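Visitor: got a predicted model here, sequence first, then my questions.
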Amino acid sequence: MPAPPTHLLGPDFFDRPADTVARQLLGQWLVVRDSNGKIMRHVVHETEAYLGADDLACHGRSGPTQRNGTMFGPAGRWYVYRCYGLHWMLNIVTGPKGLPAAVLLRGVGQWSGPGRLTKGLAITGGFNGLAATRKSGLWLAGSGMAVSRALVHCTPRIGVGYAGKWAKKLLRFVVDPAAL
DNA sequence: GCAGTGATCATA
DNA sequence: ATGATCACTGCC
C-alpha cells in the first residue's frame, strides 16, 4: 500500500521484514532539515536488508553489544555506526522489537555509496538511536511513487563475503535514479 | 589492486 | 591488554 505523498513513514511502515522495507523504500524520500531549518529531500535509489540474528552478515548475529543495541530496539529508529574508522553508515531499524534487523541506505539523491551520502548530508553517530521523525531532523517520507518490481535490480550485498551462504542472498535493491 | 583508518569485539 | 576484523573510499 503506497503512502500518501510526503507522508512520514513511521513504525507501521518499518515494523515489517527488512527485505520488504528495503524494496519499498526505493523511490521514497530521505528528508533532512539542516542547521538553518531548510528542508531538503533526496530520493532513495539503493538499499540493503539485514534480516536479524540468523543473518550472518548482520551486526546482530552475536547478540546485543554496545554498538548494535539500537538494532534490537523498536522499528523506525536510526542505527548509525562508524565503519573502517571513518565512514558513517545510516540504517533504519525494522521489524519487531528484539529482532536485530535494519535497512542500510546505500544510495540517495546525487550520492551513491553509504559513506558518501552520510558525508554529503553531514549525518553522524549523533543520530544513532533517534526516532526517524521531524523532531530528529532526519526522516523518511512517502513520495507517492511505487517503483515497479521490473525496475528493481536485486543483487548480493556489498562487502559481506565473510557471511557464507548469507553473502549470496539477493538482499541489495537498486533502481536507476534516471528511472524515478 | 590495495592502503588508510580507528572503533569494536573476542580472547586472555 | 592485545590483535584481527571490518555493511568503505580513493588513489595506485
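Guide: Done, it's in.
Visitor: check contacts around residue A:11.
Guide: By CB atoms under 8 Å, 6 or more residues apart in numbering, the contact list for residue A:11 reads A:74-76. (Glycine included, C-beta is placed from N, CA and C.)
Visitor: say whether DNA strand C is contacted by the top strand by length along chain A.
Guide: Counting by DSSP state E, the longest strand found in chain A is strand A:39-50. Yes - using CB under 7 Å from any atom of the strand, strand A:39-50 reaches DNA strand C at A:48, A:50.
Visitor: circling back: between the contacts of residue A:11, which is nearest DNA strand C?
Guide: DNA strand C lies nearest to residue A:75 out of the contacts of residue A:11, by CB to the nearest atom of the strand, at 14.1 Å.
Visitor: name the SS class of that closest one, please.
Guide: coil (DSSP: H, G, I helix; E, B strand; the rest coil).
Visitor: ok, back up a step: top of the contacts of residue A:11 by neighbour count?
Guide: Ranked by neighbour count (other CB atoms under 10 Å), the contacts of residue A:11 have residue A:75 at the top, with 24 neighbours.
Visitor: was I right to think it contacts residue A:94?
Guide: Yes - with contact defined as CB atoms under 8 Å, residue A:75 counts as touching residue A:94 (5.2 Å).
Visitor: shared neighbours of those two, which are they?
Guide: In contact with both residue A:75 and residue A:94: A:14-16, using CB under 8 Å, 6+ apart.
Visitor: what are the bridge partners for the residue nearest to residue A:121 when sequence neighbours are not counted, then?
Guide: Leaving aside its sequence neighbours, residue A:121 sits nearest to residue A:32 (CB to CB, 6 or more residues apart in numbering; 5.5 Å). Residue A:32 has these beta-bridge partners by DSSP bridges: residue A:40, residue A:138.
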